[in-house]
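S.K.: make a model of this:
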Amino acid sequence: MPVDLQALAKAHPDHWSKATAIRALTLDAVAEANSGHSGMPMGMADVATVLFEKHLKFDAAAPLWPDRDRFILSAGHGSMLLYSLLHLTGYEQFPLSEIKNFRQLGARTAGHPENFLADAIETTTGPLGQGIAMSVGFAMAEEMQRATYGKKVVDHHTYVIAGDGCLMEGVSQEAITLAGRHKLSKLIVLWDNNDITIDGPVSLSDRTDQVARFAAAQWHTIEIDGHDPEAIDAALTEARKSDRPTMIACKTHIALGHAAQDTSKGHGALTDPEQLAAAKEAYGWSAGPFEVPEDVKSAWEDIGKRGAEARRDWEERFDQMPRSKRETFNRALAFDAPKKLSATIKAFKKQMSEAAPKLATRASSEKVLEVINPIMAETVGGSADLTGSNNTKTGDLGVFDVDNRTGRYVYWGIREHGMAAAMNGMALHGGIRPYGGTFMCFTDYARPAMRLAALMQVPTVFVMTHDSIGLGEDGPTHQPVEHLAISRATPNTLVFRPADTVETAEAWEIALTEKATPSVLSLTRQGVPAVRKEHKNNNLTARGAYVLADAEGKRQVILIASGSEVSVAMDAREKLQAEGIGTRVVSMPCMELFAQQDDAYRKRILPGGAVRVGVEAGVRMGWDRWLLGERGKFGKADFVGMDRFGASAPAEELFEKFGITADVVAERARALL
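M.R.: Numbers count the residues shown, from 1 in each chain. Here you go, the predicted model:
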């Protein structure tokens, strides 16, 4: 469909020149890189210009101002839209050289936005749907903090630009229904309604009435021409007055003004020099490559300074808040644990070492949370419709809802993916330490967000219960076998599989003091005996692995186990020791932390000479480093675990059926001697 660009430019010349700067920089950067996605920034430049000029509360000189509005580019492939805006408005980390180095090694201007590369990038996006799903967590965090600290300190919006791909991904349905249910009125989504996907028109694969879909999810909806700045301004003004989240459907033309406009080709890298020149000519843009006329750049920089006064006013209000509240606010924002945490955990461990209860580690986890949550007001718990099974709710939290924004427990519903993504959003927003639970098997549903947590370097805690065939009768559909290996294979992720209540407490202490690494807590459904009966002040789990029971006499066998199988290893040790076979048991609650220890410590725990048997009710993948490496030997190591899916039966019968017993472990050890 042809668009009269001259009419658009004539109707709003100041706006047009600013929006065209985005389009021109996008064309230049993508052409220079010979890679990227030109069409979305060109199509949404008008929307972004009005948003940044007239509505977004920000100060380019203070990208980490806590009460800034959050801007999330869910359609992360259009990253040049964001980078152009950050450069034009004067962010120090985005000089012109960054635009010229788009998609190059070491540049902040990566192919898709990456939050850890620059302060002004709120979140990593690119996997479609993740941005809009994380935005729900951002908006929830804002509601919680506003209720806690007051409107004078916390009062901001979360704006999202999402595309057709974001709305087709299933996680978007989880996200928008959550937002509608909780009336997250500070959340505003701008949908780039351009009717184009990579394969062709949207109608090839989808005929959903997206406006009706959002309305059905209890959103306020508005439909506008995405190239009319007055309509964009009016829609944003209306959205900010709504008591519900708002979706603004912005009818746009992908790759506006280019030969590839309104085609699937317009989605990708538009690098043809003649077509590029023709597009700029159609815009009335005569500046050279990477050049922005001084008056246009100056106008954009004024927009970047517009929020400076509001920021200074906020700083004055913040300074008037009671000192204790300020300290708590800043501590939580920095992910610093309260000083009380260490002493609280030590006292709890001492109590549990003496009581030595037989508990499922999911129940142990609840006991730990009962002492942690009252002293860490920033924790926010939840579960994907498994609260009673995951043991994630403690009595002091209160339930987050429309009429209780101070509530710290979220009923996420059957939305594992949406829960995990929203928790990431909470952590990225700052001031919140989110944790949420489901069954370990359903990490499959949460996996994309769990991976992003690791990539984005946020300390989200994933509480995954029912972690093996030990869950029993629900059978192989619910019994994790490969899931520990999957999580352990993910970089920058700590996977904890504690053996008892004491190790569970230590795992929680580590998870809640991490600042840039997510944690997975793998917890049992079935009761497990206490194995840590002698109190130690030191957090032994922090070393990843340690000697739980040493060999009596000459050390011939080392049994290495995690979680519920540590007690199995201890029973096997008793059998072997009775035969005069000196056996050491190593508890290994966290492989990643053990791998981080120095060689001397690892050698002390896993010395050479003795045969080794690993014991875990999961697949062997990941274990050979500790069985065959680290002074181990092929032919002198074995593994007792799972090599197939489970079955439906009581847990005790399943451990017998699959040979995860003390008798089998002892037998395997003897066979290696």
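S.K.: just to check, residue 69 is in contact with residue 160?
M.R.: No: if you go by Cβ atoms under 8 Å, residue 69 and residue 160 don't touch, sitting 11.2 Å apart. Using the backbone N, CA and C atoms, a C-beta is placed for each residue, glycine as well.
S.K.: who's more crowded, these two?
M.R.: Per other Cβ atoms under 10 Å, whichever of residue 69 and residue 160 has more neighbours is residue 160, with 28 against 21.
S.K.: quick one: residues contacting the residue lying closest to residue 259 once chain neighbours are set aside.
M.R.: For residue 259, ignoring the flanking residues on the chain, the nearest one in space by Cβ to Cβ, 6 or more residues apart in numbering is residue 275 at 4.6 Å. Contact analysis of residue 275 by Cβ atoms under 8 Å, 6 or more residues apart in numbering lists 258, 259, 260.
S.K.: distance to residue 370, pLDDT and secondary structure added to the residues you listed, as a markdown table?
M.R.: Output for these, formatted as a markdown table (distance: Cβ to Cβ, whole Å; pLDDT from 0 to 100; DSSP: H, G, I helix; E, B strand; the rest coil):
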| residue | distance to residue 370 | pLDDT | secondary structure |
| --- | --- | --- | --- |
| 258 | 60 | 98 | coil |
| 259 | 64 | 97 | coil |
| 260 | 59 | 98 | coil |
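S.K.: now that we have those, which one has the most neighbours?
M.R.: Counting by other Cβ under 10 Å, top hit in the contacts of residue 275: residue 258 with 27 neighbours.
S.K.: OK, contacts around it?
M.R.: Applying Cβ under 8 Å, 6+ apart, we find residue 258 in contact with 27, 38, 39, 42, 266, 270, 275, 276, 278, 279.
S.K.: wait, isn't the fifth one in contact with residue 41?
M.R.: No: distance between residue 266 and residue 41: 11.1 Å, which falls outside the contact criterion (Cβ under 8 Å).
S.K.: more neighbours, those two?
M.R.: Higher neighbour count among residue 266 and residue 41: residue 41, with 32 against 23, using other Cβ under 10 Å.
S.K.: and the residue nearest to that one when sequence neighbours are not counted, how far from residue 40?
M.R.: The shortest distance from residue 41 to any non-neighbouring residue, by Cβ to Cβ, 6+ apart, is to residue 81 (3.7 Å). Counting by Cβ to Cβ, to the nearest Å, the separation of residue 81 from residue 40 is 7 Å.
S.K.: need the contacts of residue 275 in TSV (columns: distance to residue 219).
M.R.: Shown next, in TSV, are the contacts of residue 275 (distance: Cβ to Cβ, whole Å):
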residue	distance to residue 219
258	32
259	36
260	32
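S.K.: and which of the residues you listed is nearest residue 320?
M.R.: residue 258 (51.9 Å; Cβ to Cβ).
S.K.: where's the closest one relative to residue 361, distance?
M.R.: From residue 258 over to residue 361 the distance is 58 Å, taken as Cβ to Cβ.
S.K.: do a quick rundown of the helices in the stretch 151-300 of the chain.
M.R.: Along the stretch 151-300 of the chain, the stretches classed as helices by DSSP state H, counting those that start in this stretch are 164-168, 170-181, 210-216, 229-241, 273-283, 294-305.
S.K.: can you give the contact residues for the second one?
M.R.: Put plainly, it is helix 170-181. Taking Cβ under 8 Å, 6+ apart as the rule, helix 170-181 contacts 129-130, 132-133, 135-136, 139, 162, 166, 187, 213-214, 217-219, 244-245, 247, 412-413, 415, 417-419, 421-422, 448-449.
S.K.: return that helix as PDB; C-alpha atoms alone will do.
M.R.: Taking Å, rounded to 0.1, in the frame of the first residue of the first chain, the C-alpha atoms of helix 170-181 are listed here in PDB:
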ATOM      1  CA  GLY A 170       2.300 -19.100  23.400                       C
ATOM      2  CA  VAL A 171       4.000 -17.400  26.400                       C
ATOM      3  CA  SER A 172       2.300 -14.100  25.400                       C
ATOM      4  CA  GLN A 173      -1.100 -15.600  26.200                       C
ATOM      5  CA  GLU A 174       0.200 -16.600  29.700                       C
ATOM      6  CA  ALA A 175       1.500 -13.000  30.100                       C
ATOM      7  CA  ILE A 176      -1.500 -11.000  28.900                       C
ATOM      8  CA  THR A 177      -4.000 -13.000  30.900                       C
ATOM      9  CA  LEU A 178      -1.900 -12.500  34.100                       C
ATOM     10  CA  ALA A 179      -1.600  -8.800  33.500                       C
ATOM     11  CA  GLY A 180      -5.300  -8.500  32.900                       C
ATOM     12  CA  ARG A 181      -6.200 -10.600  35.900                       C
END
